[in-house]
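[1] how does the following fold in three dimensions:
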Amino acid sequence: MKVVLRLVLALLSVTFIAKEIPAQVGQPKESMQVSLKELRNAPNEIVLDGKSLSLSAYLWRDFTPSTSSSSDGSPGTPLMATLKVATSDKQPFPTGVRMDRAWVIFEEQIWVASDFRSQVKPSPEEDGWIICSAAPVCEATIRRGPKWGPGVFVDIVLRLTDKEGQYHLIQVQRQLIQRSD
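    Residues are numbered from 1 along each chain as shown. Below is the predicted model:
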């Protein structure tokens with residue numbers, strides 16, 4: 001009887017821990033060391049290898065009849081976003097740069113995304129990263145977000161990693177979550 005009680009208590013404690021920290025599961029430790037203040041203070045433009053880069057985003061939730069309810073029964077799909085980083089001079093992207101993490105901020109809530117999908121031809125991917133090519137735009141899509149909006153504004157912060165392994169944050173503010181029907 002004592003063995004069964006110990007097993008039940010151990011199972012309950014594991015279940016409680018999993019419910020308390022779902023955002024941490026499967027995310028590298030370093031990704032959680034960026035504070036909300038640091039994210040909000042990220043610049044709107046950065047310079048890498050002499051190239052000025054800016055971020056744009058398109059966010060939406062799909063409410064078409066075929067996707068109008070999700071597995072939890074609520075209407076619409078979870079949030080999706082297309083992120084584009086472009087050079088200001090329309091010249092090729094700096095070599096060795098990759099997109100590897102994004103934060104979407106709604107009020108005080110944060111969705112952390114690291115599973116990127118390329119929007120252009122298949123590119124070399126490593127652990128969900130998008131390796132930016134020699135094109136003037138690096139583009140990716142993130143999916144399976146929260147069910148915020150539509151019709152609300154969010155800020156997006158993207159982490160780029162350069163060829164030396166240095167992190168660079170860039171943001172675009174007040175992006176409207178659209179609705180597709």
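
[2] chain center to stretch 144-151, what's the gap?
    Put simply, stretch 144-151 sits 13 Å off its chain's centre (C-alpha atoms, centre = their mean, to the nearest Å).

[3] could I get the average pLDDT for it?
    Averaging pLDDT along stretch 144-151 yields 95.

[4] stretch 61-76 too?
    74.

[5] how long is that stretch end to end?
    Distance between the two ends of stretch 61-76: 6 Å, counting by C-alpha to C-alpha, to the nearest Å.

[6] also stretch 85-105?
    Separation of the first and last residues of stretch 85-105 by C-alpha to C-alpha is 18 Å.

[7] got the buried residues for that stretch?
    85-87, 93-94, 97-105 (16 or more other C-beta atoms under 10 Å). For the C-beta atoms, the positions are set from N, CA and C on the backbone; glycine is no exception.

[8] now, among those residues, which is nearest to residue 54?
    Nearest to residue 54 among the buried residues of stretch 85-105: residue 86, at 6.1 Å, using C-beta to C-beta.

[9] element containing the closest one?
    Taking DSSP states H and E as the criterion, residue 86 maps to strand 80-87.
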